[in-house]
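1. Would you be able to build a 3D model of this:
(one chain, ligands or ions: 2)
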Amino acid sequence: MAATFKGGYHVHDHKSLTNTRPTEALPDCDLHIFPLRQHIGAPLTPCVAVGDYVYVGQKLADSDQFVSAPVHSSVSGTVTAIKEHIHDSGTMVEAVFVENDKKYEIYKECVPHDYRNMSREQVLTLIRDAGIVGMGGAGFPTHVKLQPKTKVDHIIINGAECEPYITSDHRYMLEEADSIIYGLKVCMYALGINDGHIGIETNKRDGIQNLKKSKEFNEHIHIIPLKKKYPQGAEKQLIKAVTGRHVPAGKLPADAGCVVVNVATAVAISNLFKTGLPPVIKNVTVTGDAIKNPSNFKARTGTPVKFLIEAAGGFAAEPEKVISGGPMMGITQYTVDYPVTKTTSSVLAIVKAQKTYDEAAPCIRCGRCVGHCPMHLMPYKLAECSKKDDIDTARRYNVLECIECGLCSYICPANKNLLQFIRMIKPDVMKKVREEAQNNGK
Ligand code: SF4
Ligand code: SF4
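-> Ligands and ions are numbered 1, 2, ... in the order given. I've put the predicted structure just below:
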(Lines give C-alpha, C1' and ligand atoms only; values in the text may rest on other atoms or scores of the structure.)
(Ligands and ions follow the chains in the order given, each with its own letter.)
Protein backbone atom coordinates (compact mmCIF):
# COMPACT_ATOMS: atom_id res chain seq x y z
CA MET A 1 0.00 0.00 0.00
CA ALA A 2 1.24 3.50 -0.80
CA ALA A 3 2.51 5.52 2.17
CA THR A 4 1.13 8.95 2.99
CA PHE A 5 0.38 11.57 5.68
CA LYS A 6 -2.79 12.84 7.33
CA GLY A 7 -4.59 15.70 5.57
CA GLY A 8 -3.91 16.89 2.04
CA TYR A 9 -6.11 16.47 -1.03
CA HIS A 10 -6.19 14.74 -4.39
CA VAL A 11 -5.81 17.63 -6.85
CA HIS A 12 -6.11 17.10 -10.63
CA ASP A 13 -2.50 16.72 -11.77
CA HIS A 14 -2.68 17.67 -15.51
CA LYS A 15 0.61 15.81 -15.96
CA SER A 16 -0.51 13.94 -19.09
CA LEU A 17 0.29 17.10 -21.10
CA THR A 18 4.01 16.35 -20.82
CA ASN A 19 4.76 13.19 -18.82
CA THR A 20 5.38 11.09 -21.94
CA ARG A 21 7.36 13.81 -23.72
CA PRO A 22 11.10 12.98 -23.67
CA THR A 23 13.33 15.81 -22.51
CA GLU A 24 14.64 17.74 -25.53
CA ALA A 25 17.76 19.85 -25.98
CA LEU A 26 17.17 23.51 -26.84
CA PRO A 27 18.71 25.37 -29.77
CA ASP A 28 21.61 27.74 -29.01
CA CYS A 29 20.57 30.92 -27.29
CA ASP A 30 22.62 34.08 -27.98
CA LEU A 31 22.48 35.70 -24.55
CA HIS A 32 22.39 34.06 -21.12
CA ILE A 33 21.48 36.01 -17.99
CA PHE A 34 22.65 34.70 -14.62
CA PRO A 35 20.89 36.26 -11.62
CA LEU A 36 23.12 36.36 -8.55
CA ARG A 37 20.21 35.20 -6.40
CA GLN A 38 19.52 31.53 -7.04
CA HIS A 39 19.76 30.32 -3.44
CA ILE A 40 18.74 30.97 0.14
CA GLY A 41 21.57 32.61 2.05
CA ALA A 42 24.18 35.35 1.88
CA PRO A 43 24.25 37.51 -1.29
CA LEU A 44 26.96 37.00 -3.91
CA THR A 45 29.65 39.31 -5.25
CA PRO A 46 30.62 39.01 -8.93
CA CYS A 47 34.10 37.55 -9.55
CA VAL A 48 34.14 38.41 -13.26
CA ALA A 49 34.09 41.78 -15.02
CA VAL A 50 32.57 43.11 -18.24
CA GLY A 51 34.78 42.01 -21.17
CA ASP A 52 36.02 38.80 -19.46
CA TYR A 53 35.89 35.54 -21.38
CA VAL A 54 34.19 32.78 -19.34
CA TYR A 55 33.87 29.05 -19.81
CA VAL A 56 31.09 26.55 -19.11
CA GLY A 57 31.26 25.78 -15.39
CA GLN A 58 33.30 28.87 -14.47
CA LYS A 59 32.29 30.70 -11.34
CA LEU A 60 30.64 34.09 -11.97
CA ALA A 61 29.92 35.14 -8.39
CA ASP A 62 30.51 33.87 -4.86
CA SER A 63 30.35 34.71 -1.15
CA ASP A 64 32.64 33.87 1.76
CA GLN A 65 29.64 32.99 3.96
CA PHE A 66 28.80 29.39 4.91
CA VAL A 67 25.13 29.61 4.01
CA SER A 68 25.43 30.66 0.39
CA ALA A 69 26.06 29.12 -3.04
CA PRO A 70 28.06 30.44 -6.01
CA VAL A 71 26.66 30.86 -9.52
CA HIS A 72 28.43 29.50 -12.63
CA SER A 73 28.21 30.13 -16.35
CA SER A 74 26.38 27.55 -18.46
CA VAL A 75 27.97 28.74 -21.73
CA SER A 76 31.34 29.97 -22.94
CA GLY A 77 31.56 33.54 -24.16
CA THR A 78 32.05 37.13 -23.13
CA VAL A 79 30.60 38.97 -20.16
CA THR A 80 28.73 41.89 -21.73
CA ALA A 81 27.09 43.45 -18.67
CA ILE A 82 26.57 43.15 -14.94
CA LYS A 83 23.34 44.89 -14.10
CA GLU A 84 19.90 44.35 -12.66
CA HIS A 85 17.43 42.11 -14.46
CA ILE A 86 14.01 40.67 -13.73
CA HIS A 87 14.01 37.50 -11.62
CA ASP A 88 11.24 34.94 -11.17
CA SER A 89 10.57 36.35 -7.69
CA GLY A 90 9.17 39.37 -9.54
CA THR A 91 11.97 41.65 -8.33
CA MET A 92 15.04 43.13 -10.02
CA VAL A 93 18.23 41.27 -9.11
CA GLU A 94 21.87 41.87 -10.07
CA ALA A 95 22.81 39.53 -12.93
CA VAL A 96 25.80 38.65 -15.12
CA PHE A 97 25.07 38.74 -18.87
CA VAL A 98 27.13 36.38 -21.04
CA GLU A 99 27.10 36.46 -24.86
CA ASN A 100 27.19 32.81 -25.91
CA ASP A 101 29.98 32.01 -28.42
CA LYS A 102 28.31 28.59 -28.93
CA LYS A 103 31.61 26.73 -28.49
CA TYR A 104 30.63 25.44 -25.02
CA GLU A 105 34.26 25.28 -23.91
CA ILE A 106 34.50 23.76 -20.47
CA TYR A 107 36.39 25.39 -17.61
CA LYS A 108 39.69 23.66 -16.86
CA GLU A 109 38.84 23.05 -13.20
CA CYS A 110 35.72 21.04 -14.08
CA VAL A 111 37.08 17.50 -13.76
CA PRO A 112 35.41 14.29 -12.50
CA HIS A 113 35.92 13.11 -8.91
CA ASP A 114 35.44 9.70 -7.32
CA TYR A 115 33.74 10.43 -3.99
CA ARG A 116 34.92 7.06 -2.60
CA ASN A 117 38.52 8.34 -2.69
CA MET A 118 37.63 11.59 -0.96
CA SER A 119 37.10 12.56 2.65
CA ARG A 120 33.64 13.66 3.75
CA GLU A 121 34.96 17.24 4.06
CA GLN A 122 36.31 17.15 0.50
CA VAL A 123 32.94 15.92 -0.80
CA LEU A 124 31.11 18.72 1.01
CA THR A 125 33.58 21.35 -0.21
CA LEU A 126 33.15 20.19 -3.80
CA ILE A 127 29.34 20.38 -3.48
CA ARG A 128 29.63 23.84 -1.93
CA ASP A 129 31.99 25.16 -4.61
CA ALA A 130 29.66 23.83 -7.33
CA GLY A 131 26.81 25.92 -5.88
CA ILE A 132 24.43 22.98 -5.59
CA VAL A 133 21.17 24.00 -3.93
CA GLY A 134 17.68 22.52 -3.52
CA MET A 135 16.87 22.40 -7.22
CA GLY A 136 13.22 21.48 -6.77
CA GLY A 137 12.62 25.16 -6.01
CA ALA A 138 13.72 25.64 -2.40
CA GLY A 139 17.24 26.85 -3.22
CA PHE A 140 18.69 25.94 0.17
CA PRO A 141 22.44 25.18 -0.15
CA THR A 142 22.94 21.40 -0.24
CA HIS A 143 26.34 21.43 1.53
CA VAL A 144 24.61 22.98 4.55
CA LYS A 145 21.85 20.35 4.47
CA LEU A 146 24.44 17.59 4.38
CA GLN A 147 26.10 18.94 7.56
CA PRO A 148 23.22 18.82 10.05
CA LYS A 149 23.81 19.94 13.61
CA THR A 150 22.05 16.84 14.95
CA LYS A 151 22.64 13.17 14.19
CA VAL A 152 20.59 11.95 11.24
CA ASP A 153 19.92 8.38 10.17
CA HIS A 154 17.72 8.88 7.10
CA ILE A 155 18.43 10.45 3.73
CA ILE A 156 15.33 10.68 1.54
CA ILE A 157 15.25 11.60 -2.14
CA ASN A 158 12.08 13.56 -2.82
CA GLY A 159 10.53 12.12 -5.99
CA ALA A 160 6.95 13.01 -5.08
CA GLU A 161 6.63 15.83 -7.63
CA CYS A 162 3.13 16.46 -6.30
CA GLU A 163 2.65 19.91 -7.90
CA PRO A 164 0.18 19.64 -10.80
CA TYR A 165 1.51 19.97 -14.38
CA ILE A 166 5.24 19.56 -13.57
CA THR A 167 6.96 16.48 -15.02
CA SER A 168 10.65 17.46 -15.01
CA ASP A 169 11.53 15.12 -12.09
CA HIS A 170 9.47 12.31 -13.63
CA ARG A 171 11.56 12.61 -16.79
CA TYR A 172 14.75 12.42 -14.69
CA MET A 173 13.41 9.11 -13.27
CA LEU A 174 12.82 7.77 -16.78
CA GLU A 175 15.95 9.15 -18.43
CA GLU A 176 18.58 9.51 -15.68
CA ALA A 177 17.76 6.86 -13.09
CA ASP A 178 21.45 5.96 -12.60
CA SER A 179 22.27 9.59 -11.79
CA ILE A 180 19.50 9.85 -9.17
CA ILE A 181 20.79 6.81 -7.29
CA TYR A 182 24.44 7.79 -7.74
CA GLY A 183 23.64 11.24 -6.31
CA LEU A 184 21.85 9.53 -3.41
CA LYS A 185 24.94 7.40 -2.75
CA VAL A 186 27.12 10.53 -2.56
CA CYS A 187 24.69 11.97 0.01
CA MET A 188 24.74 8.71 2.00
CA TYR A 189 28.55 8.85 1.99
CA ALA A 190 28.60 12.51 3.10
CA LEU A 191 26.17 11.77 5.95
CA GLY A 192 27.72 8.41 6.95
CA ILE A 193 24.42 6.57 6.37
CA ASN A 194 24.28 3.04 4.91
CA ASP A 195 20.76 3.09 3.48
CA GLY A 196 18.93 5.62 1.33
CA HIS A 197 15.22 6.09 0.58
CA ILE A 198 13.46 7.48 -2.49
CA GLY A 199 9.80 8.50 -2.10
CA ILE A 200 7.80 8.56 -5.36
CA GLU A 201 4.06 9.14 -5.93
CA THR A 202 2.27 6.20 -7.54
CA ASN A 203 1.32 8.26 -10.60
CA LYS A 204 4.96 7.64 -11.64
CA ARG A 205 5.02 3.83 -11.51
CA ASP A 206 7.18 3.70 -14.65
CA GLY A 207 9.70 5.90 -12.80
CA ILE A 208 9.67 3.50 -9.83
CA GLN A 209 10.27 0.52 -12.14
CA ASN A 210 13.04 2.31 -14.00
CA LEU A 211 14.91 3.17 -10.79
CA LYS A 212 14.67 -0.47 -9.70
CA LYS A 213 16.25 -1.51 -13.01
CA SER A 214 19.15 0.95 -12.62
CA LYS A 215 22.64 -0.50 -12.45
CA GLU A 216 23.16 1.63 -9.32
CA PHE A 217 20.19 0.04 -7.48
CA ASN A 218 21.04 -2.37 -4.64
CA GLU A 219 19.70 -3.66 -1.32
CA HIS A 220 20.63 -0.40 0.45
CA ILE A 221 18.34 1.68 -1.78
CA HIS A 222 14.68 1.63 -0.74
CA ILE A 223 11.99 2.97 -3.03
CA ILE A 224 8.82 3.96 -1.19
CA PRO A 225 5.65 4.33 -3.30
CA LEU A 226 3.65 7.30 -2.02
CA LYS A 227 -0.06 7.95 -2.35
CA LYS A 228 -0.84 10.55 -4.99
CA LYS A 229 -1.91 13.42 -2.80
CA TYR A 230 -1.02 17.10 -2.52
CA PRO A 231 1.35 18.22 -0.89
CA GLN A 232 3.05 14.82 -0.63
CA GLY A 233 6.39 16.38 -1.60
CA ALA A 234 6.49 18.91 1.26
CA GLU A 235 9.39 17.90 3.52
CA LYS A 236 7.47 17.23 6.71
CA GLN A 237 4.75 15.29 4.87
CA LEU A 238 7.32 13.25 2.97
CA ILE A 239 9.17 12.38 6.18
CA LYS A 240 5.93 11.30 7.82
CA ALA A 241 5.03 9.08 4.87
CA VAL A 242 8.47 7.50 4.47
CA THR A 243 9.57 7.10 8.11
CA GLY A 244 6.40 7.61 10.17
CA ARG A 245 8.26 10.34 12.07
CA HIS A 246 6.74 13.67 12.99
CA VAL A 247 8.83 16.83 12.65
CA PRO A 248 7.68 19.00 15.58
CA ALA A 249 6.47 22.58 15.07
CA GLY A 250 9.36 25.00 14.63
CA LYS A 251 11.84 22.16 14.02
CA LEU A 252 13.75 21.03 10.95
CA PRO A 253 13.82 17.59 9.26
CA ALA A 254 17.23 16.98 10.87
CA ASP A 255 15.53 17.22 14.28
CA ALA A 256 13.61 14.09 13.26
CA GLY A 257 16.86 12.47 12.05
CA CYS A 258 16.17 13.10 8.36
CA VAL A 259 17.67 14.96 5.42
CA VAL A 260 15.55 15.43 2.29
CA VAL A 261 17.08 16.09 -1.13
CA ASN A 262 15.15 16.61 -4.38
CA VAL A 263 15.52 14.33 -7.44
CA ALA A 264 16.98 17.19 -9.54
CA THR A 265 19.52 17.91 -6.80
CA ALA A 266 20.60 14.25 -6.72
CA VAL A 267 21.12 14.40 -10.50
CA ALA A 268 23.16 17.61 -10.10
CA ILE A 269 25.36 15.95 -7.47
CA SER A 270 25.89 12.94 -9.73
CA ASN A 271 26.81 15.15 -12.71
CA LEU A 272 29.25 17.09 -10.56
CA PHE A 273 31.17 13.98 -9.50
CA LYS A 274 30.96 12.21 -12.87
CA THR A 275 31.72 15.20 -15.14
CA GLY A 276 33.01 17.96 -12.88
CA LEU A 277 30.28 20.33 -14.04
CA PRO A 278 28.25 22.43 -11.60
CA PRO A 279 24.44 22.57 -12.10
CA VAL A 280 24.32 24.52 -15.37
CA ILE A 281 21.73 22.41 -17.21
CA LYS A 282 18.40 21.27 -15.80
CA ASN A 283 15.07 19.78 -16.79
CA VAL A 284 12.32 22.37 -17.19
CA THR A 285 8.68 21.57 -18.09
CA VAL A 286 6.95 24.16 -20.30
CA THR A 287 3.25 23.42 -20.12
CA GLY A 288 -0.34 24.57 -19.80
CA ASP A 289 -3.23 25.01 -22.25
CA ALA A 290 -1.77 28.30 -23.50
CA ILE A 291 1.37 26.53 -24.81
CA LYS A 292 1.23 25.15 -28.37
CA ASN A 293 3.41 22.06 -27.76
CA PRO A 294 3.83 21.41 -24.03
CA SER A 295 7.36 20.00 -23.63
CA ASN A 296 10.20 19.05 -21.33
CA PHE A 297 13.53 20.72 -22.06
CA LYS A 298 17.12 20.43 -20.93
CA ALA A 299 17.72 24.12 -20.38
CA ARG A 300 21.03 25.82 -19.72
CA THR A 301 20.74 28.19 -16.79
CA GLY A 302 20.46 31.81 -17.83
CA THR A 303 18.25 31.03 -20.86
CA PRO A 304 15.38 33.55 -20.99
CA VAL A 305 12.06 31.78 -20.41
CA LYS A 306 10.57 33.35 -23.57
CA PHE A 307 13.16 31.30 -25.51
CA LEU A 308 11.78 28.09 -23.95
CA ILE A 309 8.22 29.13 -24.77
CA GLU A 310 9.22 29.77 -28.40
CA ALA A 311 10.89 26.32 -28.51
CA ALA A 312 7.58 24.86 -27.34
CA GLY A 313 5.84 26.42 -30.37
CA GLY A 314 4.92 29.67 -28.64
CA PHE A 315 1.55 30.56 -27.18
CA ALA A 316 -1.49 28.76 -28.56
CA ALA A 317 -3.68 31.48 -27.07
CA GLU A 318 -3.22 34.58 -24.96
CA PRO A 319 -2.40 33.33 -21.44
CA GLU A 320 -4.28 34.82 -18.52
CA LYS A 321 -1.43 33.70 -16.30
CA VAL A 322 2.21 32.67 -16.69
CA ILE A 323 3.57 31.00 -13.58
CA SER A 324 7.11 30.02 -12.63
CA GLY A 325 6.53 26.64 -10.95
CA GLY A 326 3.19 24.91 -10.50
CA PRO A 327 -0.31 26.33 -9.98
CA MET A 328 -0.31 25.65 -6.22
CA MET A 329 3.00 27.13 -5.07
CA GLY A 330 4.38 28.84 -8.16
CA ILE A 331 4.84 32.59 -8.65
CA THR A 332 2.77 34.46 -11.23
CA GLN A 333 4.93 36.44 -13.65
CA TYR A 334 4.22 39.70 -15.44
CA THR A 335 6.87 39.10 -18.10
CA VAL A 336 8.58 36.09 -19.73
CA ASP A 337 11.95 37.87 -19.84
CA TYR A 338 13.10 36.21 -16.61
CA PRO A 339 15.82 33.57 -17.04
CA VAL A 340 16.00 29.91 -16.03
CA THR A 341 17.85 29.51 -12.73
CA LYS A 342 19.02 26.49 -10.76
CA THR A 343 15.61 26.32 -9.08
CA THR A 344 13.38 26.64 -12.18
CA SER A 345 11.50 23.41 -12.80
CA SER A 346 8.48 24.57 -14.75
CA VAL A 347 6.86 27.37 -16.72
CA LEU A 348 3.08 27.15 -16.76
CA ALA A 349 0.92 29.26 -19.08
CA ILE A 350 -2.84 28.98 -18.69
CA VAL A 351 -5.60 30.54 -20.79
CA LYS A 352 -8.05 30.87 -17.91
CA ALA A 353 -7.31 30.44 -14.22
CA GLN A 354 -9.41 27.57 -12.84
CA LYS A 355 -10.39 29.45 -9.76
CA THR A 356 -11.32 33.05 -9.11
CA TYR A 357 -11.36 34.33 -5.57
CA ASP A 358 -14.09 36.30 -3.89
CA GLU A 359 -13.05 37.99 -0.68
CA ALA A 360 -16.51 39.39 -0.03
CA ALA A 361 -18.07 35.90 0.19
CA PRO A 362 -18.72 34.83 3.78
CA CYS A 363 -16.99 31.80 5.28
CA ILE A 364 -19.64 29.09 5.58
CA ARG A 365 -17.73 27.33 8.37
CA CYS A 366 -17.58 24.08 6.41
CA GLY A 367 -14.22 23.16 7.96
CA ARG A 368 -12.74 21.87 4.69
CA CYS A 369 -9.65 24.09 5.00
CA VAL A 370 -9.03 22.72 8.50
CA GLY A 371 -9.66 19.10 7.57
CA HIS A 372 -7.27 19.14 4.62
CA CYS A 373 -4.49 21.42 5.89
CA PRO A 374 -1.39 19.18 5.85
CA MET A 375 0.07 21.12 8.81
CA HIS A 376 -3.14 20.71 10.85
CA LEU A 377 -3.69 24.46 11.10
CA MET A 378 -6.91 26.47 11.07
CA PRO A 379 -6.53 28.46 7.84
CA TYR A 380 -9.85 30.36 8.15
CA LYS A 381 -8.80 31.52 11.63
CA LEU A 382 -5.35 32.58 10.44
CA ALA A 383 -6.91 34.54 7.57
CA GLU A 384 -9.22 36.26 10.07
CA CYS A 385 -6.21 37.19 12.24
CA SER A 386 -4.48 38.61 9.20
CA LYS A 387 -7.45 40.80 8.33
CA LYS A 388 -7.51 42.14 11.91
CA ASP A 389 -3.71 42.40 12.08
CA ASP A 390 -3.88 40.24 15.20
CA ILE A 391 -0.26 39.06 15.33
CA ASP A 392 -0.43 37.43 18.78
CA THR A 393 -3.41 35.21 17.96
CA ALA A 394 -1.94 34.23 14.59
CA ARG A 395 1.23 33.23 16.38
CA ARG A 396 -0.69 31.23 18.97
CA TYR A 397 -2.40 29.40 16.12
CA ASN A 398 1.03 28.49 14.69
CA VAL A 399 0.90 30.59 11.52
CA LEU A 400 4.66 30.13 11.04
CA GLU A 401 4.06 26.42 10.50
CA CYS A 402 2.13 27.19 7.30
CA ILE A 403 4.13 25.77 4.37
CA GLU A 404 2.19 27.95 1.91
CA CYS A 405 0.99 24.92 -0.06
CA GLY A 406 -2.15 26.80 -1.17
CA LEU A 407 -4.46 23.86 -0.52
CA CYS A 408 -6.79 25.83 1.77
CA SER A 409 -7.43 28.41 -0.97
CA TYR A 410 -7.84 25.64 -3.56
CA ILE A 411 -10.52 23.71 -1.69
CA CYS A 412 -12.48 26.56 -0.07
CA PRO A 413 -16.05 26.40 -1.45
CA ALA A 414 -16.51 30.09 -0.62
CA ASN A 415 -13.54 30.86 -2.93
CA LYS A 416 -11.61 32.68 -0.23
CA ASN A 417 -7.91 33.16 -0.97
CA LEU A 418 -6.85 32.17 2.53
CA LEU A 419 -3.17 31.76 1.68
CA GLN A 420 -2.92 35.32 0.44
CA PHE A 421 -3.98 36.57 3.90
CA ILE A 422 -1.75 34.09 5.69
CA ARG A 423 1.22 35.27 3.62
CA MET A 424 0.44 38.86 4.61
CA ILE A 425 0.68 38.26 8.35
CA LYS A 426 3.57 35.77 8.45
CA PRO A 427 6.39 38.37 8.07
CA ASP A 428 4.92 40.40 10.98
CA VAL A 429 4.81 37.33 13.21
CA MET A 430 8.33 36.37 12.19
CA LYS A 431 9.54 39.90 12.97
CA LYS A 432 8.01 39.73 16.44
CA VAL A 433 9.57 36.31 17.12
CA ARG A 434 13.01 37.63 16.08
CA GLU A 435 12.68 40.78 18.19
CA GLU A 436 11.77 38.70 21.23
CA ALA A 437 14.72 36.37 20.64
CA GLN A 438 17.05 39.37 20.38
CA ASN A 439 15.67 40.90 23.55
CA ASN A 440 16.17 37.56 25.32
CA GLY A 441 19.78 37.50 24.08
CA LYS A 442 19.28 34.39 21.88
S1 SF4 B 1 -1.37 27.11 2.80
FE2 SF4 B 1 -0.82 26.86 4.96
S3 SF4 B 1 -2.74 27.00 6.08
FE4 SF4 B 1 -3.25 26.64 3.91
S5 SF4 B 1 -3.45 24.41 3.76
FE6 SF4 B 1 -1.33 24.89 3.24
S7 SF4 B 1 -0.20 24.72 5.18
FE8 SF4 B 1 -2.38 24.83 5.70
S1 SF4 C 1 -12.93 26.13 3.58
FE2 SF4 C 1 -13.57 28.27 3.27
S3 SF4 C 1 -15.72 28.29 3.80
FE4 SF4 C 1 -14.89 26.38 4.64
S5 SF4 C 1 -14.27 26.90 6.75
FE6 SF4 C 1 -12.49 27.23 5.47
S7 SF4 C 1 -12.61 29.43 4.91
FE8 SF4 C 1 -14.62 28.84 5.66
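
2. Touching the helix ranked longest in the chain from outside, list them.
-> Ordering each helix of the chain by length in residues (DSSP state H) puts helix 418-439 first. When contacts are defined by Cβ atoms under 8 Å, 6 or more residues apart in numbering, helix 418-439 is touched by residues 357, 369, 379-380, 382-383, 385-387, 389, 391, 394-395, 399-400, 402, 404, 406, 408-409, 412. The C-beta positions use only the backbone N, C-alpha and C, and glycine is treated the same way.

3. S324: neighbour count?
-> If you count neighbours by other Cβ atoms under 10 Å, S324 ends up with 25.

4. Leaving out the residues flanking it, which one is nearest to it?
-> D88 (4.0 Å; Cβ to Cβ, 6 or more residues apart in numbering).

5. show me where pLDDT drops low in this structure?
-> For the chain, applying pLDDT under 70 flags the ranges 442.

6. How far off centre is the longest helix of the chain?
-> How far helix 418-439 lies from its chain's middle: 23 Å, per Cα atoms, centre = their mean, to the nearest Å.

7. do stretch 190-198 as well
-> For stretch 190-198, the distance to the chain centre is 21 Å (Cα atoms, centre = their mean).

8. can you tell me the distance between the two ends of it?
-> Terminal residues of stretch 190-198 lie 17 Å apart, using Cα to Cα, to the nearest Å.

9. again, but for stretch 113-125
-> Note: stretch 113-125 ends 12 Å apart using Cα to Cα.

10. picking that back up, say whether ligand 1 is contacted by the longest helix of the chain.
-> Yes: contact of helix 418-439 with ligand 1 (Cβ under 6 Å from any ligand atom) involves L418, L419, I422.

11. closest to ligand 1 among those?
-> Set against ligand 1, the nearest of the residues of helix 418-439 next to ligand 1 by Cβ to the nearest ligand atom is L419 (4.5 Å).

12. Name the SS class of M135, please.
-> coil (DSSP: H, G, I helix; E, B strand; the rest coil).

13. which residues touch G136?
-> N158, D169, G233, N262, V263, A264, T265, T343, S345.

14. Now do it against F315, distance only.
-> 26 Å (Cβ to Cβ, to the nearest Å).

15. same check, this time on I425
-> Distance, I425 to F315, using Cβ to Cβ: 36 Å.

16. and those two? which has more neighbours close in?
-> Per other Cβ under 10 Å, whichever of I425 and F315 has more neighbours is I425, with 24 against 17.

17. Mark out where each domain of this structure begins and ends.
-> 15-20+110-275, 368-439 (automatic domain parsing).

18. Identify whichever of these lies nearest to ligand 2.
-> Per Cβ to the nearest ligand atom, nearest to ligand 2 of those: domain 368-439, 3.3 Å.

19. Wondering if the closest one reaches ligand 2 at all.
-> Yes: judged by Cβ under 6 Å from any ligand atom, domain 368-439 comes into contact with ligand 2 at R368, C369, Y380, C412, P413, A414, K416, L418.

20. these two touch, right, the second one and K381?
-> The one in question is C369. No: judged on Cβ atoms under 8 Å, C369 makes no contact with K381 at a distance of 9.3 Å.

21. TSV please, covering the domains of the chain and showing distance to L44.
-> Converted to TSV, the domains of the chain look like this (distance: least, Cβ to Cβ, whole Å):
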stretch	distance to L44
domain 15-20+110-275	9
domain 368-439	24
